[in-house]
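Asker: sequence unavailable; structure follows:
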DNA sequence: CTGCTCACTTAGGAGAAGATTT
DNA sequence: AAATCTTCTCCTAAGTGAGCAG
């Protein structure tokens, strides 16, 4: 990791006064945390899942935001967030002065880069505001959820910065819009009616209901909903698909205990199978906690089901994990999956068709009359829980989910899906403020599992869109927020000072909020507010070293320099008697922090900063690219470089694959091979025209210094061998052909004859190597021709080297996560259009579907900016 | 406040599918 | 056509944060 990447020198002029609370002797003193914890919510209730409680339907389960738009009193807003249908007029403008109009030189140095990005952010605070007002984007300052009245439609009619010129409206571009349902219309009719021409058009096509198969609901062109807490008016679906019943092992496949095969109840056998089938996942299987948890649960199941018996039907006590031998089970499953893979293609296809057919009813639902894809309609099958990191419960048995545990959420008038024969649902509800279709609780942590729509659905798209709009909104407040927290770094109130410090970290280093966790039942990971004493090391004068496990137990390690005041604060927050295990921010919780953030901007929370910083960084980096006259792969590479920086910012990692090292070496060898070829080709020039040596200089003809004699010899051997097998293969093939044509085959003598060429090649290469002279190849070689060749080879080397660097730089960075969740897709779409790179190069099929809204909504606006 | 429930986004890895090389 | 490498999709765990009760 590039350690310098985040360096940022503490501003010089910072006054190093000792704040009055530096000593913090008052009652504000940090509470030692060991167990006098202030903010813990440690005790985790035993999850009760009362699997029954029965389907007396209507019981509204969902609690969320159901209080209808209560207050209009617009400064009660803060606590009201989501529900507030009406809001104070968007906060006007930040009071920041200070114009930094240097123009952000994007050097390659990340450090400077980051700094300038921040600067740019400040700038952006003001400029776009002005620009926007004129340009379009009326929505920029419109709080997302608001939208009363017929605003935009009448005027310029671009919902989200989509232009779609009015004049166009007579060409039926939008053949698609049919889908809107009657209900949908009622909800928004007020807004819909208003604008004459265009809306009428839409409406008209909307009438064509029922054929939504083809129709695409362009919600991004639709008027904004008044009340987005209601998620649907009608909802039909077919429930969930349960996993198949357990398929017993064949009689001859047994678990062994102490060297002897044993039998047991199918229920226990299934559990043994879970472990046995994952033997290749050493990472889990060799983890002692995993073993212990598995074994405990396994024993329990055994006990409940009559225990284990040997061949003769005698009971066998299963006492020690280490005496269990799953290898037969493993072999069986392994062979089975191999066999499946090896089946003829036709068979596979058939099976797939069959499966698709069985799944078809669950794949889609009808949401407000529109067909929408369901995301995860399959109920999670039983398995061993694979908690990440040092999860205390990893390896425990995750039980089979029964219909009796599943709650169905569905439209009032919809047909309730039939539970599997002989079963019933836990409950049926009709909560239209929830987006899920089905829900159950899992037995390990009592976590809720929801069946929701797929990423390409309107509902998910809309919230994605809102997320990015929220982040863009932050642009207008960021400079004020930064100023404030910089000031508050010196606040006399401990809590405020901690809050400001936390905000600084979240803003600068893209830390997560860091909610409180349950130490006993979860892996010990942290985010900003839950950072512990030992996660931060301070080094004078202003270096901070982070080292902690974040979400998914991914290590966050970074050495950064911070504002001097931040450094001092952290030092203070770590002051004795604090010790390992204690919270750094002992007076701060995420909800306090978020509440404070909310006072700057409706809906602002810590996570918005990650989105904002990621997208803003991407935007800035893309703007700084020199993209002219490049090939498509080169442009893609540049884009990916930017993407990678964002991924690094967000600490998105992946484990480097086992084969990585070998692959790199192979690539390296290929490059060396090309370089050798390059050298040979250049030598040919000298063969044709020795005078070129003076002309081009010795340097030009030199061999890459990483290539030594030993390597060349090896390489020659390799080339020769390669050639040999090639000829051999060719010979065999030719013979096969002859045979097929009933002609007589060539004798081995012919092969030998042909192989002579190889011997000659070998001789030639060796001679070249010795004499360092290369005879020109080809007929009538000329300097020009050879130079053209050189050019070609150099190009190929460049490509390969690029590829190698790319891959190495990528080995432990995952680009996907930031692309999917953090980088406003419109940035990518605009880049793609502006520089003529097909969007397919950036978004896979599913991603294109997910980001359809982005692709469509900036398709006529190359100047869209984050 | 705190504690707890609930809903929804974000995350990495496994395995399938596709592309490329042999 | 098989082997191998690369990319994509699926899966589900692990976060964030809203909102309610006491």
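Answerer: Right, received. Where do you want to start? Keep in mind that this is a model prediction, so the values were computed, not measured. Numbering: from 1, shown residues only, chains lettered A, B, ... in the order given.
Asker: residue contacts, the residue nearest in space to the middle of chain A?
Answerer: Taking Cα atoms, centre = their mean, the centroid of chain A lies closest to residue A:817, which sits 1.7 Å from it. By Cβ atoms under 8 Å, 6 or more residues apart in numbering, the contact set of residue A:817 is A:647, A:650, A:652. For the C-beta atoms, the positions are set from N, CA and C on the backbone; glycine is no exception.
Asker: please name the residues that touch the last one.
Answerer: For residue A:652, the contact set (Cβ under 8 Å, 6+ apart) comprises A:813, A:814, A:815, A:816, A:817, A:818.
Asker: which ones among the residues you listed are found in helices?
Answerer: Of the positions in these, A:816, A:817, A:818 sit in helices, assigned by DSSP state H.
Asker: and the closest residue to the first one other than its chain neighbours, how close does it get to residue A:814?
Answerer: Read it as residue A:816. Take residue A:816 and drop its neighbours on the chain: the residue closest to it by Cβ to Cβ, 6 or more residues apart in numbering is residue A:652, 7.8 Å away. The spacing between residue A:652 and residue A:814, counted by Cβ to Cβ, to the nearest Å, is 5 Å.
Asker: wasn't residue A:347 part of a helix?
Answerer: Yes. Counting by DSSP: H, G, I helix; E, B strand; the rest coil, one finds residue A:347 located in a helix.
Asker: from residue A:746, how far off is it?
Answerer: Going from residue A:347 to residue A:746 by Cβ to Cβ gives 39 Å.
Asker: in terms of neighbours, single out the busier of these two.
Answerer: Each of residue A:347 and residue A:746 has its neighbours counted (other Cβ atoms under 10 Å); residue A:746 has more, 14 against 10.
Asker: sorry, back to before: quick one, grab the pLDDT at the residue nearest to the centre of chain A.
Answerer: Looking at residue A:817, its pLDDT reads 97.
Asker: cool, and residue A:752?
Answerer: At residue A:752, the predicted lDDT confidence score is 82.
Asker: just give me the neighbour total for it.
Answerer: Neighbour count for residue A:752, taken as other Cβ under 10 Å: 11.
Asker: mind listing the residues bridging to residue A:545?
Answerer: In this entry, residue A:545 is beta-bridged to residue A:537, residue A:559, by DSSP bridges.
Asker: can you give me the end-to-end span of stretch A:421-440?
Answerer: End-to-end distance of stretch A:421-440 (Cα to Cα, to the nearest Å): 19 Å.
Asker: close to DNA strand C, is that stretch?
Answerer: No. Residues of stretch A:421-440 contacting DNA strand C under Cβ under 7 Å from any atom of the strand: none, with a closest distance of 9.7 Å.
Asker: buried stuff in that stretch?
Answerer: By neighbour count with 16 or more other Cβ atoms under 10 Å, stretch A:421-440 contains the buried residues A:424-440.
Asker: what are the boundaries of the helices in the stretch 251-400 of chain A?
Answerer: Along the stretch 251-400 of chain A, counting by DSSP state H, counting those that start in this stretch, helices occupy A:266-276, A:282-285, A:288-304, A:327-342, A:345-363.
Asker: make TSV out of those helices and add distance to DNA strand B and mean pLDDT.
Answerer: Listed next are those as TSV, based on distance: least, Cβ to the nearest atom of the strand, whole Å; pLDDT from 0 to 100:
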stretch	distance to DNA strand B	mean pLDDT
helix A:266-276	12	97
helix A:282-285	6	92
helix A:288-304	13	97
helix A:327-342	7	90
helix A:345-363	6	87
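Asker: residue A:780: neighbour count?
Answerer: Residue A:780: 7 surrounding residues under other Cβ under 10 Å.
Asker: what helix or strand is residue A:726 located in?
Answerer: According to DSSP states H and E, residue A:726 maps onto helix A:709-740.
Asker: now do that helix: which elements does it pack against?
Answerer: helix A:660-688, helix A:748-771 (3 or more Cβ pairs under 8 Å, 6 or more residues apart in numbering; DSSP states H and E).
Asker: which SSE is immediately downstream of the shortest one?
Answerer: Counting by DSSP H and E, the element after helix A:748-771 in chain order, helix or strand, is helix A:783-810.
Asker: quick one: that next one near DNA strand B?
Answerer: No. Using Cβ under 7 Å from any atom of the strand, we find that helix A:783-810 stays clear of DNA strand B, coming within 10.4 Å at best.
Asker: average model confidence for that helix?
Answerer: 80.
Asker: cool, stretch A:606-614 as well?
Answerer: Taken as a whole, stretch A:606-614 carries a mean pLDDT of 98.
Asker: most remote residue from chain A's center?
Answerer: residue A:744 (60.6 Å).
Asker: so that residue makes contact with residue A:738?
Answerer: Yes. Under the criterion of Cβ atoms under 8 Å, residue A:744 makes contact with residue A:738 at 6.9 Å.
Asker: quick check: the gap between residue A:491 and residue A:665.
Answerer: Separation of residue A:491 from residue A:665 (Cβ to Cβ): 55 Å.
Asker: thanks a lot, see you next time.
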